[in-house]
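Provide a 3D model corresponding to the input given below.
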Amino acid sequence: MRTALSGIVTLALTLSAAQARVGETEKQVAQRYGAPSGGGYGRTVATDPMGNAPLVYNFHDFTITVIYLEGVSVAENFMKFEGQQISDLRLPITAEELDAILASYSELGVKWKPGVTPGGLHSRWWMSTDGRLKAINSANQLQIATVRYLEQKAAAMKPTDPAKPNGS
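Have a look, this model is predicted:
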């Protein structure tokens, strides 16, 4: 028990000290995580709905995909996998890891307010008290993104109406 607790404390301190944050440049993110890996243990990473290709970083047990717009991080996804193959299962992020990642933003003055998920969906989310960032923990991953990016992504995912010119 003592070993497990010390491991959690060490992980929390490591994550907190080394966490890249939405709003940082590619150079700042690389200083924290190292050079992008090109696919996360050989995984193929798809573009987002707007065609932005994420960069992939491997840091400790995490595969982290980061979307940049104009050289600044607007979305970061944290995932853990059972092994290093594309077919490996995605593992859940523990409560301690989740808390450490969210707490790392406190150094920037970010405070999180938990959101309420309607209909009992299997996800949890938080909104920064300034309304600029949203964190979503769903499907064994944590995404932290600017609200503006999430709104653009949602708009890009809406089906267009073929009866209207240019889908409008």
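
identify all contacting residues around stretch 143-163.
With contact meaning C-beta atoms under 8 Å, 6 or more residues apart in numbering, stretch 143-163 is reached by 21-23, 48-50, 67, 69, 74-78, 101, 105, 127, 131-136, 166-168. All C-beta atoms are positioned from the backbone trio N, CA, C, and that covers glycine.

please produce a ChimeraX select command covering the buried subset of those residues.
In ChimeraX, this line selects whichever of those come out buried by 16 or more other C-beta atoms under 10 Å:
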select :21,22,48,67,74,75,76,77,78,101,105,127,133,134,135,136
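
of the contacts of stretch 143-163, which belong to strands?
67, 69, 74-78, 127, 133-136 (DSSP state E).

looking at those, which one is closest to residue 57?
residue 76 (9.2 Å; C-beta to C-beta).

the closest one contacts residue 62, doesn't it?
No: look at residue 76 against residue 62 with C-beta atoms under 8 Å: they stay out of range, at 10.2 Å.

and the helices in the protein?
Secondary structure of the chain (DSSP state H): helices at 2-18, 26-33, 95-104, 147-157.

lowest-confidence stretch among the ones you listed?
When the helices of the chain are compared by mean pLDDT, helix 2-18 comes last with a mean of 46.

report the contact partners of residue 50.
With C-beta under 8 Å, 6+ apart, residue 50 has these contacts: 152-153, 156.

pLDDT wise, what is it at?
The predicted local confidence for residue 50 is 91.
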